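Peer 1: only geometry, no sequence info:
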């Protein structure tokens with residue numbers, strides 16, 4: 001009896017899986033630190049986006065080659081990655097001038113884009129909870145981006161930052177509806193490679209000064225944005241999130257937004273306004289209401305086991 005109980009026990013304890021999702025989500029929330037650190041040194045926003053995805057694309061390329069027979073799914077992954085990579089440029093540009101907390105709230109609107117894209121293009125009707133949560137997130141975005149929170153001259157940049165959540169929303173829909181038949185690592189590989197390929201023309205036509213950092217410390221930031229905010233947390237998330245379930249993953253993973261707020265306060269001496277705090281609370285409330293696998297994060301969906 002003891003032997004049978006031991007064999008059925010998960011390879012990773014539940015508490016450790018919770019800690020893994022928490023760790024990964026905090027890493028995702030550290031993006032503003034690395035991103036602004038690089039753009040302040042003159043690195044172009046598209047180069048910052050390129051560096052975030054290139055590490056995973058190179059290291060996981062053998063996985064993609066192994067599953068090359070699934071070329072239709074891989075093509076969808078490449079397309080989703082290209083849209084996500086190009087959309088992320090707006091996010092990086094917004095972080096150059098806007099508070100990390102404000103950009104973070106706008107970034108967290110991607111469940112709304114996911115819902116709209118899934119409904120419009122994949123006939124995936126939303127639930128009442130998803131609609132309610134989307135409404136709360138939309139209100140949060142309006143509060144965070146209102147003239148009372150952001151100077152009028154920055155509104156165009158704020159709107160440009162929405163390209164990132166749109167890209168993520170499209171990526172989630174593709175992962176749910178087109179990539180469920182290939183293994184999780186192949187999904188990460190195809191999306192990462194697609195982002196790199198989408199950004200490559202911009203890299204090829206850029207001035208070398210916009211691509212390469214001047215100091216050695218800047219190379220640390222490049223390695224950090226590729227490993228600490230992308231590859232490592234994606235792998236940890238992929239392993240741990242299925243063990244605790246999508247609902248618990250959504251709740252634990254919501255630490256990502258407060259982490260962005262903390263980065264703004266600690267690293268950039270930003271002051272959290274009442275508008276930003278209310279917007280953050282609304283987003284976290286929306287996540288708690290839905291706790292939906294389809295509207296959480298790209299990495300939650302990546303971690304799902306492929307359909308047979």
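Peer 2: Nice, I can see it. Since the structure is predicted, the reported quantities are computational estimates derived from the model, not experimental observations. Numbering: from 1, shown residues only.
Peer 1: helix/strand/coil for residue 69?
Peer 2: coil (DSSP: H, G, I helix; E, B strand; the rest coil).
Peer 1: check the separation of the first and last residues in stretch 206-216.
Peer 2: Start and end residues of stretch 206-216 are separated by 21 Å (C-alpha to C-alpha, to the nearest Å).
Peer 1: what pLDDT, on average, does it get?
Peer 2: Average pLDDT, stretch 206-216: 82.
Peer 1: do stretch 285-303 as well
Peer 2: 62.
Peer 1: also stretch 123-136?
Peer 2: Across stretch 123-136, the per-residue pLDDT values average to 85.
Peer 1: how far does it sit from its chain's centre?
Peer 2: Taking C-alpha atoms, centre = their mean, to the nearest Å, one finds stretch 123-136 lying 20 Å from the centre of the chain it belongs to.
Peer 1: check contacts around residue 227.
Peer 2: residue 55 (C-beta atoms under 8 Å, 6 or more residues apart in numbering). Just so you know, the C-beta spots here come from the backbone N, C-alpha and C atoms, and that holds for glycine as well.
Peer 1: give me the phi and psi for it.
Peer 2: Here is the backbone geometry of residue 227 (degrees, to the nearest 10): phi -90, psi -50.
Peer 1: okay, residue 138 and residue 145: tell me how far apart.
Peer 2: When C-beta to C-beta, to the nearest Å is applied, the distance between residue 138 and residue 145 equals 11 Å.
Peer 1: those two: which has the busier surroundings?
Peer 2: For residue 138 versus residue 145, the count of surrounding residues by other C-beta atoms under 10 Å is larger for residue 145: 24 against 14.
Peer 1: what residues are up against that one?
Peer 2: Residue 145 neighbours (C-beta under 8 Å, 6+ apart): 102, 105, 106, 155, 158.
Peer 1: could I get the residues you listed as CSV with secondary structure and distance to residue 188?
Peer 2: Listed next are the contacts of residue 145 as CSV, based on DSSP: H, G, I helix; E, B strand; the rest coil; distance: C-beta to C-beta, whole Å:
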residue, secondary structure, distance to residue 188
102, helix, 29
105, helix, 26
106, helix, 25
155, helix, 35
158, helix, 30
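Peer 1: which of the residues you listed sit farthest apart?
Peer 2: 105 and 155 (14.6 Å; C-beta to C-beta).
Peer 1: can you give me how far the helix or strand containing residue 21 is from the chain middle?
Peer 2: Here residue 21, judged by DSSP states H and E, is contained in helix 14-29. Relative to its chain's centre, helix 14-29 lies at 14 Å (C-alpha atoms, centre = their mean).
Peer 1: now it: buried residues?
Peer 2: Neighbour-count burial for helix 14-29, counted by 16 or more other C-beta atoms under 10 Å, picks out 17, 18, 20, 21, 22, 23, 24, 25, 26, 27, 28, 29.
Peer 1: for that helix, packing partners?
Peer 2: With contacts defined as 3 or more C-beta pairs under 8 Å, 6 or more residues apart in numbering; DSSP states H and E, helix 14-29 has these neighbours: helix 232-253, helix 256-268.
Peer 1: now distance to residue 65 and pLDDT too, for the buried residues of helix 14-29, in a markdown table please.
Peer 2: Formatted as a markdown table, the buried residues of helix 14-29 follow (distance: C-beta to C-beta, whole Å; pLDDT from 0 to 100):
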| residue | distance to residue 65 | pLDDT |
| --- | --- | --- |
| 17 | 30 | 89 |
| 18 | 34 | 90 |
| 20 | 28 | 92 |
| 21 | 29 | 89 |
| 22 | 33 | 92 |
| 23 | 29 | 96 |
| 24 | 26 | 92 |
| 25 | 30 | 91 |
| 26 | 32 | 95 |
| 27 | 27 | 95 |
| 28 | 27 | 93 |
| 29 | 32 | 94 |
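Peer 1: okay if I get those residues as TSV plus distance to residue 49?
Peer 2: Below are the buried residues of helix 14-29 laid out as TSV (distance: C-beta to C-beta, whole Å):
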residue	distance to residue 49
17	30
18	30
20	26
21	25
22	26
23	23
24	20
25	20
26	21
27	17
28	15
29	17
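Peer 1: and those, which is closest to residue 279?
Peer 2: Using C-beta to C-beta, those come closest to residue 279 at residue 29, 15.6 Å.
Peer 1: and that closest one, what is it in contact with?
Peer 2: Contacts of residue 29 (C-beta under 8 Å, 6+ apart): 104, 255, 256, 257, 258, 259, 260, 262, 263.
Peer 1: can you check residue 16 too?
Peer 2: So residue 16 contacts residue 240 (C-beta under 8 Å, 6+ apart).
Peer 1: quick check: the gap between it and residue 250.
Peer 2: 19 Å.
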